[in-house]
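Enquirer: Okay, predicted coordinates and the sequence, questions at the end:
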Amino acid sequence: MSKACISRHVAAAPRDMPQSATFSRFGVLDVLSSTTPRPSGRKRHISPHLAGLATRRGEKCRLTCRAADNPFASHHVEALRFRSQGLVWRDLVQRINDLGGRVAIVGPKGSGKTTLLEELARRLEEPVVVVRIPGSCPDPWPTTRAQLPHSVTHRHAILVDGSEKLGAIGRRLLLHTTRRAHCLILTLHRRGPLPALIDCSTDPGLLRNLVEELMPTDSATLELGLEDLHRRHGGNIRLCFWELYDVYAGRVRIEA
Amino acid sequence: MLNLSTETGGTWFRPGETIAGNASWRLDEEAEAIEVRLFWYTTGKGSQDVGVVQTRQIYRPERDGNRPFRLAVPRGPYSFSGKLITLAWAIEVVALPSGETERLDLVMGPTPVEIELT
């Protein structure tokens, strides 16, 4: 089993070389398999600590946890793979073709759009270029353009994460620049300029499933609170993980 | 199968030192390249930052092979850890394009243990 590669986001493959390895999320979990193995590099965590953490209101929480050992730390969360939930990958790829190769993955924040995009990057056969739109930049188009090949051809599959940050003009420039690409897949919060490939959403069962993978020995302790957690965060799995991070780190108490 | 080791077997390095080691591999399929990367990364609450400081590339490697490498450790940042964030150093060997990876965690700083934030 391969370890999750942490250095993937910044290591640049040569231009026009198949780039899937540069950003790929490491064959840790095969979404088509019936089992959910853990990344080999992940340490198990100490269940007595969490049992002590699940205190009633007013009780002291004694847990201290190094950030890297928190099961909800970013490097564990980012190693999670997309859960297919009945989705047949072959059908999904066929749907991309049926829709003309230019599609959007639509869904609110924390619904798994990026995770699905990265799963598709692993599964598409064409040379894949994944473009990440910076969130903090007032004009993200130059940074976006710099991530695209000099000359986009029909050989390329362009996958763009966070394209809503581009704004209307930036998106138009993106659509024009990539017009010759074999395939263009955007993530968007709302339906927009391209037909929707899929609408991403989450449910408490998915959250439970992911928590079980992150902390298989301790997840039962949290189970009762997960539905409420999912509801409070409006289905945003990322925010749920952040709260669970704080719970595990002893910064927030579970109110039983 | 990928493997990484340092010449001394140690994983603590001071700023400015050189890491001498060996990367070896036995691949199931042809690789376009093998990359050895020295990098730091943060983990904890929120998003992850990664800084690759050096890479060594072996293009068109044989299916079964090994190469020594030498990587210079920069002046910082030191390894540290607290409740909210850990900054850790590591070397990864990655087979491209499959993405198969092996990692060796390191401590970088003036002392053999990471700085603890309290």
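Expert: Arrived safely.

Enquirer: switch to C-alpha atoms for all contacts and neighbour counts from now on
Expert: Noted.

Enquirer: per-residue pLDDT, A:Pro142?
Expert: You'll see A:Pro142 listed with a pLDDT of 92.

Enquirer: and if you look at the one 5 residues further on?
Expert: Confidence per residue is given as pLDDT, and for A:Gln147 that number is 93.

Enquirer: cool, A:His49 as well?
Expert: Value for A:His49, per-residue pLDDT: 35.

Enquirer: Nearest residue to whichever residue of chain A sits closest to chain B in space, please, no chain neighbours.
Expert: When distances are taken as C-alpha to the nearest C-alpha, chain A approaches chain B most closely through A:Ala73, which lies 4.2 Å from it. Computed as C-alpha to C-alpha, 6 or more residues apart in numbering or on different chains, the closest residue to A:Ala73 that is not its neighbour in sequence is B:Gly44, at 4.2 Å.

Enquirer: I figured that neighbour hits B:Ala88, correct?
Expert: No. Using C-alpha atoms under 8 Å, B:Gly44 makes no contact with B:Ala88, being 11.0 Å away.

Enquirer: circling back: am I right that the residue of chain A closest to chain B is in contact with A:Tyr245?
Expert: Yes. A:Ala73 is in contact with A:Tyr245 according to C-alpha under 8 Å; the separation is 6.8 Å.

Enquirer: between those two, which one's more packed in?
Expert: Between A:Ala73 and A:Tyr245, counted using other C-alpha atoms under 10 Å in any protein chain shown, A:Ala73 has the larger neighbour count: 29 against 25.

Enquirer: if I pick that one, what's in contact with it?
Expert: With C-alpha atoms under 8 Å, 6 or more residues apart in numbering or on different chains as the criterion, the residues that contact A:Ala73 are A:Ala67, A:Tyr245, B:Thr43, B:Gly44, B:Lys45, B:Gly46.

Enquirer: Could you dump those into CSV and include secondary structure?
Expert: Formatted as CSV, the contacts of A:Ala73 follow (DSSP: H, G, I helix; E, B strand; the rest coil):
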residue, secondary structure
A:Ala67, helix
A:Tyr245, helix
B:Thr43, strand
B:Gly44, strand
B:Lys45, coil
B:Gly46, coil
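
Enquirer: quick revisit: more neighbours: which of B:Gly44 and B:Ala88?
Expert: The residue with more neighbours, out of B:Gly44 and B:Ala88 and counting by other C-alpha under 10 Å, is B:Gly44; that gives 28 against 22.

Enquirer: low-scoring stretches of the chain, by residue?
Expert: Unless you meant another one, I'm taking chain A. Low-confidence regions of chain A, defined by pLDDT under 70, span residues A:1-3, A:8-64, A:218-224, A:251-256.

Enquirer: Endpoint to endpoint, stretch A:163-171 covers what distance?
Expert: End-to-end distance of stretch A:163-171 (C-alpha to C-alpha, to the nearest Å): 7 Å.

Enquirer: can you pull the buried residues of that stretch?
Expert: For stretch A:163-171, burial by neighbour count (16 or more other C-alpha atoms under 10 Å in any protein chain shown) applies to A:Ser163, A:Glu164, A:Lys165, A:Leu166, A:Gly170, A:Arg171.

Enquirer: Could you find the closest non-adjacent residue to the last one?
Expert: So that's A:Arg171. A:Ser163 (7.0 Å).

Enquirer: That neighbour and A:Ile185 touch, don't they?
Expert: No. Between A:Ser163 and A:Ile185 there is no contact, the gap being 9.7 Å when judged by C-alpha under 8 Å.

Enquirer: In contact with A:His182, which residues?
Expert: Contacts here follow C-alpha under 8 Å, 6+ apart; on that basis A:His182 touches A:Gly101, A:Thr153, A:His154, A:Arg155, A:His156, A:Ala157.
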